[in-house]
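1. Provide a 3D model corresponding to the input given below.
(chains A, B, C and D)
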Protein chains: 4
Amino acid sequence: MNDEIAMKSIQAFFRKDLFAGFVGIELIEAGEGRARARLTISDHHRNGLGLVHGGAIFTLADLAFAAAVNSRGRAAVAIHCSISYLKAAAGDVLFAEAEEVSCGPKIAAYTIRITDASGEIISRFEGMAYRKKEHW
Amino acid sequence: MNDEIAMKSIQAFFRKDLFAGFVGIELIEAGEGRARARLTISDHHRNGLGLVHGGAIFTLADLAFAAAVNSRGRAAVAIHCSISYLKAAAGDVLFAEAEEVSCGPKIAAYTIRITDASGEIISRFEGMAYRKKEHW
Amino acid sequence: MNDEIAMKSIQAFFRKDLFAGFVGIELIEAGEGRARARLTISDHHRNGLGLVHGGAIFTLADLAFAAAVNSRGRAAVAIHCSISYLKAAAGDVLFAEAEEVSCGPKIAAYTIRITDASGEIISRFEGMAYRKKEHW
Amino acid sequence: MNDEIAMKSIQAFFRKDLFAGFVGIELIEAGEGRARARLTISDHHRNGLGLVHGGAIFTLADLAFAAAVNSRGRAAVAIHCSISYLKAAAGDVLFAEAEEVSCGPKIAAYTIRITDASGEIISRFEGMAYRKKEHW
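-> I've put the predicted structure just below:
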């Protein structure tokens, strides 16, 4: 399967991710254990203090995580995720970039860096997934 | 401040949490370091596998966490959160219940249990917050 | 298997935990998904600032976690652990108490409270384990 | 302060870390938000299953984390650490390498990769620290 077909196949899969679509997250690229996603910030992504909501940042990172681990071909489900909030976001767009730490037969681990419009890291996300036997 | 007034004050604060409102999360109760929130599941809360999206579960737990720590009177911001996914949710409603582990002068920690319609725990969330000097 | 025999069986198993023994950790009780352990603090448990070392606190909590999950009868290995440091320890003894959050066919989750001589919580540990098919 | 003096200063500080010394951990290098540490495995670092103990791996990573954040000049204390166990260690030496994710005025975050004799990653550790005003 070449890269372009792989990317189309993953994008078709994530088009069925209704919550990510509802929140407004776009999958930019995915393949070979990596992925990138974007969220353009609107008022409805903010919390009571006017900051981008932790749940919106988490959901953005989670999509990049899911796309990266599922790009390895087998269906995978998250078992543990954590997020560190490092600074407030500037501007109105966020990017999440997933990098593979390790992909074993059962357990896979990823680190996701979330950056804002200035390119600075605002949050760091780590995810572990359990890889099923079947393909998605 | 009596309990009823405190609850109204916290609910007014969380009415400004636009993302929680957008996702459909309701704050049921809050006060004295505790809080409970609810999410009624619709199709748009699901992921590509048809399961409740991890980001939706996280956002539900995060609201209970935020309400619990802010019920202590000072503005608090999350610094680290983690979530363990323990089983798939049954039925179409989820509850999150936040319990205080410790509330120090700067750092506070909470555990949030997320249960489904059957009353079984499906996820466990832990949050740490940094407490600011000012009131929200 | 009655409780006393179960406890002896678990204690025999953890007698083979050479690192816990080296560090000086004692298993006080274990069974039915719960466990309690103790560490009497000496100088060699401290870090460069004179505080009890995070690694010593982690190892204490980890033993309680391992005893609790293995008390369910099947061999289990940790896949993810996290620890929140809430306050400095007072006095020269620490206790860790493990409580079961959930014990599924493959994944089990525990919360461990670490308390000091004053009875106050100083750290909170959360562990997830993968349960193997075989008995230990 | 040139690099060699900085490294000597940090090493002198960590010579006072009695627990790391007791466990047998050596600080190899530290400076500019980075650090590397090593643990040569003996029998007393193993658990009841004969594997390297999670507490020993954690303590190794924790030293690299502490050296990296303290290399920034101000005293820092850990507030949250987590560790993912990815595969069993091969051979009898482990290395931990700390990399800075972000170093703000109050909060700093690091990722530590733990590798075995074969060079493969066996665990991933993430640490957050609170930076005090004073120098250590």
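2. Relative to D:Thr59, how far out is the residue of chain A found nearest chain C?
-> Closest approach of chain A to chain C (CB to the nearest CB) occurs at A:His80, with a separation of 4.7 Å. Backbone N, C-alpha and C define where each C-beta goes, glycine included. Using CB to CB, to the nearest Å, A:His80 is found at 21 Å from D:Thr59.
3. and chain A, which residues reach chain B?
-> Proximity of chain A to chain B is confined to A:13-23, A:43-49, A:51, A:53-56, A:58-59, A:62-63, A:66, A:75, A:77-85, A:136 under the rule CB under 8 Å from any CB of the partner chain.
4. Near chain D, which residues of chain A are found?
-> Checking chain A against chain D by CB under 8 Å from any CB, the hits are A:80, A:82, A:84, A:86-87, A:101-102, A:104, A:107, A:109, A:111, A:113, A:121, A:124, A:126, A:128.
5. Separate out the buried members of the residues you listed.
-> Of the members of the residues of chain A next to chain D, the ones counted as buried by neighbours, 16 or more other CB atoms under 10 Å in any protein chain shown, are A:80, A:82, A:84, A:86, A:101-102, A:107, A:109, A:111, A:113, A:121, A:124, A:126, A:128.
6. out of these, who's nearest C:Glu97?
-> Proximity to C:Glu97 was ranked across those by CB to CB; first place goes to A:His80, at 21.9 Å.
7. mind listing which of the residues of chain A next to chain B are in helices?
-> Counting by DSSP state H, the part of the residues of chain A next to chain B found in helices is A:13-15, A:18-23, A:54-56, A:58-59, A:62-63, A:66.
8. before we move on, the earlier item: from the buried ones among the residues of chain A next to chain D, pick the one nearest B:Ala35.
-> If you rank those by distance to B:Ala35 using CB to CB, A:Ser82 comes first, at 20.9 Å.
9. wait, the closest one sits on A:Phe125?
-> Yes - counting by CB atoms under 8 Å, A:Ser82 touches A:Phe125, with 7.1 Å between them.
10. ok, the residue nearest the centre of chain A - contacts?
-> Using CA atoms, centre = their mean, the residue of chain A that lies closest to the mean C-alpha position is A:Ala64, 1.9 Å off. For A:Ala64, the set of contacting residues under the criterion of CB atoms under 8 Å, 6 or more residues apart in numbering or on different chains consists of A:Leu27, A:Ala35, A:Arg36, A:Ala37, A:Ala96, A:Glu97, A:Ala98, A:Ile112.
11. pLDDT-wise, which helix or strand of chain A ranks last?
-> When the helices and strands of chain A are compared on mean pLDDT, DSSP states H and E, helix A:3-15 comes out lowest with a mean of 80.
12. Just the CA atoms of stretch A:7-25, as PDB, please.
-> Written as PDB, here are the backbone C-alpha positions of stretch A:7-25 (Å, rounded to 0.1, in the frame of the first residue of the first chain):
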ATOM      1  CA  MET A   7      -3.400   8.200   4.100                       C
ATOM      2  CA  LYS A   8      -6.700   8.100   2.300                       C
ATOM      3  CA  SER A   9      -7.600   4.900   4.100                       C
ATOM      4  CA  ILE A  10      -6.800   6.400   7.500                       C
ATOM      5  CA  GLN A  11      -8.700   9.600   6.700                       C
ATOM      6  CA  ALA A  12     -11.700   7.600   5.700                       C
ATOM      7  CA  PHE A  13     -11.600   5.800   9.000                       C
ATOM      8  CA  PHE A  14     -11.300   9.000  11.000                       C
ATOM      9  CA  ARG A  15     -14.200  10.600   9.000                       C
ATOM     10  CA  LYS A  16     -16.300   8.100  11.100                       C
ATOM     11  CA  ASP A  17     -14.800   9.700  14.300                       C
ATOM     12  CA  LEU A  18     -17.900  11.800  14.900                       C
ATOM     13  CA  PHE A  19     -16.700  13.500  18.100                       C
ATOM     14  CA  ALA A  20     -13.500  14.700  16.600                       C
ATOM     15  CA  GLY A  21     -15.600  16.100  13.700                       C
ATOM     16  CA  PHE A  22     -18.000  17.700  16.100                       C
ATOM     17  CA  VAL A  23     -15.200  19.400  18.000                       C
ATOM     18  CA  GLY A  24     -13.700  20.600  14.700                       C
ATOM     19  CA  ILE A  25     -10.400  18.700  14.600                       C
END
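13. circling back: could you give me the buried positions within the least confident helix or strand of chain A?
-> A:Met7, A:Ser9, A:Ile10, A:Phe13, A:Phe14.
14. I'd like to know which of those is nearest to D:Gly91.
-> Of all the buried residues of helix A:3-15, the one sitting nearest D:Gly91 is A:Ile10; the distance, using CB to CB, is 36.8 Å.
15. if you skip the residues just before and after it, what's nearest to the closest one?
-> Of all residues not flanking A:Ile10 in the chain, A:Ala30 sits nearest, at 4.5 Å (CB to CB, 6 or more residues apart in numbering or on different chains).
16. Buried ones in the stretch of helix or strand that neighbour belongs to, by neighbour count?
-> In the assignment (DSSP states H and E), A:Ala30 maps to strand A:25-31. For strand A:25-31, the buried set under the neighbour-count rule, 16+ other CB under 10 Å, comprises A:Ile25, A:Leu27, A:Ile28, A:Glu29, A:Ala30, A:Gly31.
17. How about stretch A:116-131?
-> By neighbour count on 16+ other CB under 10 Å, the buried set for stretch A:116-131 is A:Asp116, A:Ile121, A:Ile122, A:Ser123, A:Arg124, A:Phe125, A:Glu126, A:Gly127, A:Met128, A:Ala129, A:Tyr130, A:Arg131.
18. Name the SS class of the fourth one, please.
-> At A:Ser123, secondary structure determined by DSSP: H, G, I helix; E, B strand; the rest coil is strand.
19. That one against A:Tyr85, yeah?
-> Yes - A:Ser123 is in contact with A:Tyr85 according to CB under 8 Å; the separation is 5.5 Å.
20. Return every residue with contacts to both of those two.
-> Common neighbours of A:Ser123 and A:Tyr85, using CB under 8 Å, 6+ apart, are A:Ile57.
21. A:Ala117 and A:Phe95, how far apart?
-> In this structure, A:Ala117 lies at 9 Å from A:Phe95, with CB to CB as the measure.
22. hmm, I was thinking of A:Val52
-> The spacing between A:Val52 and A:Phe95, counted by CB to CB, is 13 Å.
23. Those two: which is more packed in?
-> It is A:Val52, of A:Val52 and A:Phe95, that has more neighbours when counted by other CB atoms under 10 Å in any protein chain shown, with 23 against 17.
24. I'd like to know which of the contacts of A:Ala64 is nearest to chain D.
-> The nearest member of the contacts of A:Ala64 to chain D, counting by CB to the nearest CB, is A:Ile112 at 11.4 Å.
25. taking the mean pLDDT, what do you get for the helix or strand hosting the closest one?
-> Using DSSP H and E, A:Ile112 maps to strand A:107-115. Averaging pLDDT along strand A:107-115 gives 98.
26. follow-up on the earlier one: contacting residues around the least confident helix or strand of chain A?
-> Looking at helix A:3-15 with CB under 8 Å, 6+ apart, the contacting residues turn out to be A:1, A:20-21, A:27, A:29-31, A:63, A:66-67, A:70-71, A:136, B:48.
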